[in-house]
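Chemist: Need the 3D shape of this:
(2 chains)
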Protein chains: 2
Amino acid sequence: MYKTHQYQEENKQRFLDELFELLRIPSVSADSAYAKDVKTCAESVAENLKKSGLENVEICPTQGNPIVFGEKIIDKNLPTILVYGHYDVQPADPLELWETEPFEPVIKKTELHPDGAIFARGSADDKGQFFMHVKALESMINTQSLPCNVKVVIEGEEEVGSIHLGGFLEENKEKLACDVVVISDTHIFSNSVPTVTTGLRGLCYVEVEVTGANRDLHSGLYGGGVPNPINILSKMIASLIDDDGKITIKGFYDKVEELSANDRKELNKLPFDEETYKKSIGLREIQGEKGYNTLERTSIRPTLDVNGIWGGYTGEGAKTVIPSKAHAKISMRLVPDQDTEEIKRLFTEHFTSIAPKSVTVKVTPHHGGNAYVLPSSDSGYIAAKKAMDKTFGKETLPYRTGGSIPIVSLFEKTLGAKSVLMGFGLDTDAIHSPNEHYGLFNFYKGIETIPYFFQYYVDGK
Amino acid sequence: MYKTHQYQEENKQRFLDELFELLRIPSVSADSAYAKDVKTCAESVAENLKKSGLENVEICPTQGNPIVFGEKIIDKNLPTILVYGHYDVQPADPLELWETEPFEPVIKKTELHPDGAIFARGSADDKGQFFMHVKALESMINTQSLPCNVKVVIEGEEEVGSIHLGGFLEENKEKLACDVVVISDTHIFSNSVPTVTTGLRGLCYVEVEVTGANRDLHSGLYGGGVPNPINILSKMIASLIDDDGKITIKGFYDKVEELSANDRKELNKLPFDEETYKKSIGLREIQGEKGYNTLERTSIRPTLDVNGIWGGYTGEGAKTVIPSKAHAKISMRLVPDQDTEEIKRLFTEHFTSIAPKSVTVKVTPHHGGNAYVLPSSDSGYIAAKKAMDKTFGKETLPYRTGGSIPIVSLFEKTLGAKSVLMGFGLDTDAIHSPNEHYGLFNFYKGIETIPYFFQYYVDGK
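Modeler: Numbering: from 1, shown residues only, chains lettered A, B, ... in the order given. Okay, here's the model as predicted:
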């Protein structure tokens, strides 16, 4: 492994420069205005895969954004690791809150990143993270130390629910056959507490529309006499969570896995500090479901959050209008064994049932996925833990977190392979927020760790 | 009066063409992007006043949009009528719901306007209405039948709360001295039920901001562990109105005038038909404060409506964000003897008190004004009723409506003059909404009626 690491050290700056090139492409998948940039980004990813020494590199078209594929098969009798990542990014807005340009990466030091961090949309989620694999593969291939076969799948629709990945996997089962999937799209507990993510929450995301009158009305002439869709939507949203922080949708908790006392104890081993947490996001007080602490509320408990709301006049000044319509985007994070389709149905039934007769309600589903748990006996988990133990020089802990990567259950279903979630970000990296960043320490630590993961995985087989 | 009416008949088409010119200027006062158009509109109004035969026409600068003044003093011993109107208009958005261009007037027939109506932003509110006065004055002046002195004040900030009108009135008390103010910026009950507006609700308009964390957060990683400003704002808004439709702000109803059984009976003489009302705005069911009917809820009862709400991701697709901030614009319609300043204070205290400790709340006041009632013994009211009885050929009824024109109390305070609200619109004219329109019948009926009002007012003195 010495030669591989030496190669990495010698090419450090170039690895970073190449990542910067990728970060400059605004590959926002949620906004069709960026369709061209998404395409350009796919092409750039393909070029990078070729340059790393991968073969059969292809830009595979889908009904949506293309999926980039590449592989290096060295011996059919050896295990095959599939690397998954995504080249699309979240929208950058609200733009005015970025301290630097979202698509012009810069290095800045922060309290948690004294060696500097890369500030750019997608730096941590997920360009900076999948690119570690590309560079780790290049290091192994160029130093003749790749110990097994590798396949790489980098998609362009993760931030909008991986709409076409399922179909792609189905159609290419043989081509993508593998023993394990490795994904770096999560975070570690901290730079001094390495973790492998062993659980992820699922997601159910819907958009709701409440309609009152057939046109906007003057609030002076009509106010008091007609239903106001904003007031009504607010009331409906308010009723979805009770004073104990419990979600009121009928049947919502029916399939929620209750952790054993021992598992809760294990989870609470992580050195979580509430004061640091509050300080990092500028809160005086936190709140949440009664009977659970913050670590539990954000990992093993389901949630309901409004991600967006709009209706009426939102411009400068004052307009005295009762709008015809009000809208909200609402998402629920799910835990084992909740089913995203069932929750969608329960939400829709409940939300429709609580609407007063004076309005009509429409519920439109967005993407979703079920929760995921990786057992600590899994060989992929063991290899990842060992690799991180080695490069961090510390005991690596299992970590269940709140984010969703719906595709992990897809991989299990179509390819029969477990996913190892070996991310290197920090939860303070502001992914999905202005000023997203990714630590240089984390970027290089990832590149260093990945070859060990490959080696230990092969050794364990 | 025969010559005046004949003059009007002969110049009908020109009156309409001139109004169209005025409607083509997008004088939106709430949006600074239209500042230049607002100025152009003031100049056009001044030109129109000159053309009508008024003298000493001036575009009076203010700290905001200019106020246009003009007068015709024929004899200092005769009464003076002050005509008030406003040349600014509401924003046209949502633009996509307009069937024709908001600033390109067209005539179209509707069920309620079989003779045609002018479709354009500002056609009813208030360009089409104040322009009736300009043309009525022209008719009287050119036929030597103006029976008294007249002063005209057309301002450009009514839709944003007449911010600088108060100062202007204070500074020009002598110049604006008058016996009565006449305003056409309201509606009649219907084209077959003429009414004079004898009561208007007041207004208190605020903007609220709820802040949670110091940045937008990923709803997967943080969801469940942190306050969500949208969920919290929704809950706070929901709590402002109880299940009986009563506003829960402490002290809100303390000064509300309760109508006597007789006054309520009088009010309910208007031939209000709930089915027609529901049909006109496309509602299956209506709702409102318990113990009152629709006519009462929209005239003699105070209200609370959210006029706009926004927060989080509102673009295309799905973004899993917990925003740092959520906002709403909230207005309350007031009735005698509620005081707008007191209500603002009560709202702010209440709204701040119901916020959970995990968020911070900011309340910013917009414009406001108190309610207004014109007694049926007032000489201005009597003249208006007589004039409408004459031109409609029907008994004119007193009418209390829900809209606010905060400036009527300003006129009373600074000039000591009562305002006669002799509007000619219909409440279905979609003012403040897409497809605002003003009936040709109403436009010409107003021009016909105004000279009678002038004559009867002088006769009654």
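Chemist: Let me see the ranges of the helices in chain A.
Modeler: In chain A, the helices defined using DSSP state H lie at A:2-10, A:12-23, A:35-51, A:127-142, A:165-171, A:219-222, A:229-238, A:261-267, A:274-280, A:294-297, A:340-353, A:379-392, A:407-415, A:440-460.
Chemist: Which elements pack onto the fifth one?
Modeler: So that's helix A:165-171. helix A:407-415 (3 or more C-beta pairs under 8 Å, 6 or more residues apart in numbering or on different chains; DSSP states H and E). Heads up, the C-betas are built off the backbone N, CA and C, glycines and all.
Chemist: which parts of the stretch 1-150 of chain A sit against chain B?
Modeler: Contact residues (C-beta under 8 Å from any C-beta of the partner chain) of the stretch 1-150 of chain A with chain B: A:29-32, A:90-91, A:93-94, A:97.
Chemist: do you know how far the residue of the stretch 351-461 of chain A found nearest chain B is from B:Glu47?
Modeler: Among the residues of the stretch 351-461 of chain A, A:Gly403 lies closest to chain B, at 3.3 Å counting by C-beta to the nearest C-beta. Distance of A:Gly403 to B:Glu47, computed by C-beta to C-beta, to the nearest Å: 64 Å.
Chemist: The two: which has the busier surroundings?
Modeler: A:Gly403 (27 against 15; other C-beta atoms under 10 Å in any protein chain shown).
Chemist: Run through the residues that contact that one.
Modeler: Going by C-beta atoms under 8 Å, 6 or more residues apart in numbering or on different chains, A:Gly403 touches A:186, A:200-201, B:218, B:220-221.
Chemist: Switch those residues over to CSV; also include distance to A:Gly393, neighbour count and pLDDT.
Modeler: Converted to CSV, the contacts of A:Gly403 look like this (distance: C-beta to C-beta, whole Å; neighbours: other C-beta atoms under 10 Å in any protein chain shown; pLDDT from 0 to 100):
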residue, distance to A:Gly393, neighbour count, pLDDT
A:Thr186, 21, 24, 92
A:Leu200, 27, 32, 89
A:Arg201, 30, 30, 92
B:His218, 29, 23, 89
B:Gly220, 30, 27, 88
B:Leu221, 26, 27, 86
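Chemist: and which of those is nearest B:Arg24?
Modeler: Nearest to B:Arg24, judged by C-beta to C-beta, of the contacts of A:Gly403 is B:His218 at 48.5 Å.
Chemist: Is that closest one bridged to anything, and to what?
Modeler: B:Val321 (DSSP bridges).
Chemist: Hmm, A:Glu436 and it touching each other?
Modeler: No: using C-beta atoms under 8 Å, B:His218 makes no contact with A:Glu436, being 9.9 Å away.
Chemist: Give the residue spans of chain A that score low on pLDDT.
Modeler: For chain A, no stretch has pLDDT under 70.
Chemist: got the domain boundaries for it?
Modeler: Domains of chain A are assigned by automatic domain parsing as A:2-200+A:371-460, A:202-256+A:302-369.
Chemist: a markdown table please, covering those and showing distance to A:Glu275.
Modeler: Putting the domains of chain A into a markdown table (distance: least, C-beta to C-beta, whole Å) gives the following:
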| stretch | distance to A:Glu275 |
| --- | --- |
| domain A:2-200+A:371-460 | 14 |
| domain A:202-256+A:302-369 | 21 |
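Chemist: nearest to A:Leu295, of those?
Modeler: domain A:2-200+A:371-460 (9.0 Å).
Chemist: wait, which of the contacts of A:Gly403 is closest to B:Lys108?
Modeler: B:His218 (50.1 Å).
Chemist: which residues does that closest one contact?
Modeler: Contacts of B:His218 by C-beta under 8 Å, 6+ apart are A:403, A:431-433, B:320-322.
Chemist: closest to B:Gly156 among these?
Modeler: Of those, the one sitting nearest to B:Gly156 (C-beta to C-beta) turns out to be B:Val321, at 39.5 Å.
Chemist: For A:Pro94, see how far away that closest one is.
Modeler: 10 Å.
Chemist: Setting aside sequence-adjacent positions, which residue approaches the residue of the stretch 1-150 of chain A found nearest chain B most closely?
Modeler: Distance from chain B to each residue of the stretch 1-150 of chain A (C-beta to the nearest C-beta) is smallest for A:Ala30, at 3.7 Å. Leaving aside its sequence neighbours, A:Ala30 sits nearest to B:Gly317 (C-beta to C-beta, 6 or more residues apart in numbering or on different chains; 3.7 Å).
Chemist: Show me which pair in the contacts of A:Gly403 is furthest apart.
Modeler: So, the contacts of A:Gly403 by C-beta to C-beta: farthest apart are A:Leu200 and B:His218, at 12.6 Å.
Chemist: Quick one: end-to-end distance for stretch A:158-166.
Modeler: End-to-end distance for stretch A:158-166: 11 Å, by C-alpha to C-alpha, to the nearest Å.
Chemist: ok, back up a step: ok, the contacts of B:His218 vs A:Ile343, which is closest?
Modeler: B:Thr320 (15.3 Å).
Chemist: For the closest one, list the residues it contacts.
Modeler: With C-beta under 8 Å, 6+ apart, B:Thr320 has these contacts: A:203, A:205, A:307, A:331, A:404, A:432, B:218-220.
Chemist: would a markdown table of these with distance to A:Ile230 be doable?
Modeler: Listed next are the contacts of B:Thr320 as a markdown table, based on distance: C-beta to C-beta, whole Å:
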| residue | distance to A:Ile230 |
| --- | --- |
| A:Leu203 | 26 |
| A:Tyr205 | 21 |
| A:Asn307 | 17 |
| A:Ser331 | 20 |
| A:Ser404 | 29 |
| A:His432 | 26 |
| B:His218 | 27 |
| B:Ser219 | 22 |
| B:Gly220 | 27 |
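Chemist: Could you report the neighbour count for the residue nearest to A:Asp242 when sequence neighbours are not counted?
Modeler: Nearest residue to A:Asp242 in three dimensions, chain neighbours excluded: A:Thr248, at 5.5 Å (C-beta to C-beta, 6+ apart). A:Thr248 is flanked by 12 other residues according to other C-beta under 10 Å.
Chemist: Next: A:Ala33.
Modeler: Neighbours of A:Ala33 (other C-beta under 10 Å): 12.
Chemist: cool, and A:Thr352?
Modeler: Neighbourhood size, A:Thr352 [other C-beta under 10 Å]: 14.
Chemist: thought it was touching A:Val363?
Modeler: Yes: taking contacts as C-beta under 8 Å, A:Thr352 lies within contact range of A:Val363: 6.9 Å.
Chemist: dump the residue contacts of A:His164.
Modeler: Contact analysis of A:His164 by C-beta under 8 Å, 6+ apart lists A:62-65, A:67, A:157.
Chemist: same check, this time on A:Glu285
Modeler: A:278, B:227, B:356-358.
Chemist: Can you select the buried ones from those in ChimeraX?
Modeler: Buried residues within these, by 16 or more other C-beta atoms under 10 Å in any protein chain shown, are selected in ChimeraX with:
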select /A:278 /B:227,358
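Chemist: between the contacts of A:Glu285, which is closest to A:Leu169?
Modeler: Proximity of the contacts of A:Glu285 to A:Leu169 (C-beta to C-beta) peaks at B:Pro227, which lies at 38.4 Å.
Chemist: for the closest residue to A:Ile230 other than its chain neighbours, which residues make a bridge with it?
Modeler: In space, and not counting its chain neighbours, A:Ile230 is closest to B:Val306: 4.0 Å by C-beta to C-beta, 6+ apart. Beta bridges link B:Val306 to B:Ile330 when assigned by DSSP bridges.
Chemist: Look at A:Lys51 and say how many residues are nearby.
Modeler: A:Lys51 - counted by other C-beta under 10 Å - has 12 other residues nearby.
Chemist: ok, and the closest non-adjacent residue to it?
Modeler: Here the residue nearest A:Lys51, using C-beta to C-beta, 6+ apart, is A:Glu138, at 7.2 Å.
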